[in-house]
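Participant: give the three-dimensional model of this entry:
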Amino acid sequence: MENWPNRVRWPYIMNDTATDYSSEVHEAGAVRQPLFLLKLLIQTGLARLLPGVQRRLGGGANFLRYYSNRLLTSPLWELECAADSLETQGTDVLDLAQGFPCFDMLPSAGTKLPADRRGWPPFAGLPELRSAVAEKLLRDNALAFNPAGEVHITAGALGAVQTVLDAFVNRGDRVVLFDPCSPLYPLLVGARQARVRWLSTWTDNGRTRFRIEHLAQALRGARLLVLNSPANPTGGVLTPEDLEQIAWWADRNDVLILSDEVFERYHPDGPRVSIGTLPRARQRTLTAGSVSQGYALASARVGWLAAYRHLLRPCLLTAALRSPFVPTVSQQIALSALRCDPAEFEPIRAEFASRRRYGYERLRGMELNVVWPAGGFFLWAPVWERGVSGRRFAEGLLHDHKVRVTPGDLFGPSGAGYIRISCAIDDGRLQEGLNRLAEYLQTAFGGAASQVQPVAA
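Facilitator: Residues are numbered from 1 along each chain as shown. Predicted coordinates for the structure are as follows:
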């Protein structure tokens, strides 16, 4: 396993607090320390003062306070031994330990993988893909990461979020989420029996707004804060000034930050700052991305997680327990996408901005008071003014006019009276879908909506 000091023994790391065991005892395994004792040593700061712990963690003992109970009590020493046995040793080594066969049954030379790519890929991801991700983050986000030890390839953005939660969040911990936000976050937090703290937001001229006093209160005693800009579902963006406030309060309360930047390529013109570039946030932010939204490669299921090395290290280990490998073919597809000239995306970004504007104006013409989406490709439409919930509206629209939208209650407590409409489909289907939505408003609700006629894009 890359960049791990030799013989890091989990969960026996604290056994060096009393004495150094002989190699024979190490090989046989040591007595497992109770979790409460490990936590006590970490919380009191004694653990990071122990030379053995510092040596084994390569100077990262101060980050032990963030580790989840699952990580501290997992047999990661055995996992590291297994991972070491899977690492490629080079072409000059005759590998009589590999657990996969080598033969040719692929239909054509055009679909064949090189011989050295047919086995298990490197655990952290193909080196060339990690380098491409690091280059992209430096070029587009001004984030500097060492691809060898600070970038991990994950099974999409979902894999990145799961990895972070497994590494740092315990049962009963508080995780701060913006309301509304992607349904992915509360579902994954709830699956770990952690508690969501909702931070109320609203969108003002494309900007995601919140009250500073509410942010300060939500972060008190929290474990993790999740950010997404442009936001799903509102399309609101966080300004550099807002990110400065978030970084300051997260640092004051010692809260980790997960910055989900999957929609960054659909950010509007103007200043765009990744929170990980801010001094107060640099060593507490994990930046997630994927090729699904920005590169239209959702089927590849390739994402990434980049962070300061002592934050990424526990993520590598928890990822190994859940899904240790992203398929090589998928990684090569993602690599080809990342190597494309960024200028080639500009016409696509302009096209999506035009679709957002078109959808926004159409819905406003139907007297649905949609908030202006500065980025992304979603429209957040209130239907509570028609006296109906978002879920009932979505069910009626699908049943009567065969148009599917997403009910807003999935996105947080404030979303019950909203629907989310996607502009990611082609222009013709978007036009027809909005025409049918206008018809539904006319037939089901009448009133002002009845005056709306279907129009061409």
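Participant: so where do the strands sit in the stretch 201-350 of the chain?
Facilitator: Ranges of strands in the stretch 201-350 of the chain, per DSSP state E, counting those that start in this stretch, are 202-204, 207-209, 224-228, 256-260, 285-290, 303-307.
Participant: any idea which of the ones you listed is most buried?
Facilitator: Stretch with highest mean neighbour count among the strands of the stretch 201-350 of the chain: strand 303-307 (a mean of 28; mean count of other Cβ atoms under 10 Å). For glycine as for every other residue, the C-beta is placed from the backbone atoms N, C-alpha and C.
Participant: strands paired with that one, and their directions?
Facilitator: Using DSSP bridges, the strands paired with strand 303-307 are strand 151-154 (antiparallel), strand 285-290 (antiparallel).
Participant: among the ones you listed, which comes closest to residue 375?
Facilitator: strand 285-290 (14.8 Å; Cβ to Cβ).
Participant: tell me which residues of the longest helix seen in the chain are tucked away?
Facilitator: Longest helix of the chain, by residue count under DSSP state H: helix 346-365. Within helix 346-365, the residues scored as buried using 16 or more other Cβ atoms under 10 Å are 349, 352-353, 355-356, 358-360, 362-363.
Participant: give me the number of residues near the nearest residue to residue 212 once chain neighbours are set aside?
Facilitator: Once its chain neighbours are removed from consideration, residue 212 has its nearest residue in residue 245; the separation is 5.9 Å (Cβ to Cβ, 6 or more residues apart in numbering). Counted with other Cβ atoms under 10 Å, the burial measure for residue 245 works out to 15 neighbours.
Participant: just curious, which of the buried residues of helix 346-365 is nearest to residue 66?
Facilitator: Checking the buried residues of helix 346-365 against residue 66 with Cβ to Cβ, the nearest one is residue 349 at 35.9 Å.
Participant: OK, contacts around that closest one?
Facilitator: In this structure, residue 349 makes contact with 265-266, judged by Cβ atoms under 8 Å, 6 or more residues apart in numbering.
Participant: let me see the mean pLDDT of stretch 322-340.
Facilitator: Here the mean pLDDT over stretch 322-340 is 88, rounded to a whole number.
Participant: whoops, I mixed them up, stretch 304-313
Facilitator: The predicted confidence, averaged over stretch 304-313, sits at 95.
Participant: distance between the ends of it?
Facilitator: 14 Å (Cα to Cα, to the nearest Å).
Participant: with just CA atoms, put the helix or strand following the longest helix of the chain into PDB.
Facilitator: Proceeding N to C from helix 346-365, the next assigned helix or strand is strand 378-382, under DSSP states H and E. Output in PDB follows, covering the C-alpha atoms of strand 378-382 (Å, rounded to 0.1, in the frame of the first residue of the first chain):
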ATOM      1  CA  PHE A 378     -31.100  21.900 -12.600                       C
ATOM      2  CA  LEU A 379     -34.100  24.100 -12.000                       C
ATOM      3  CA  TRP A 380     -35.700  24.200  -8.500                       C
ATOM      4  CA  ALA A 381     -39.400  25.000  -8.900                       C
ATOM      5  CA  PRO A 382     -41.900  25.700  -6.100                       C
END
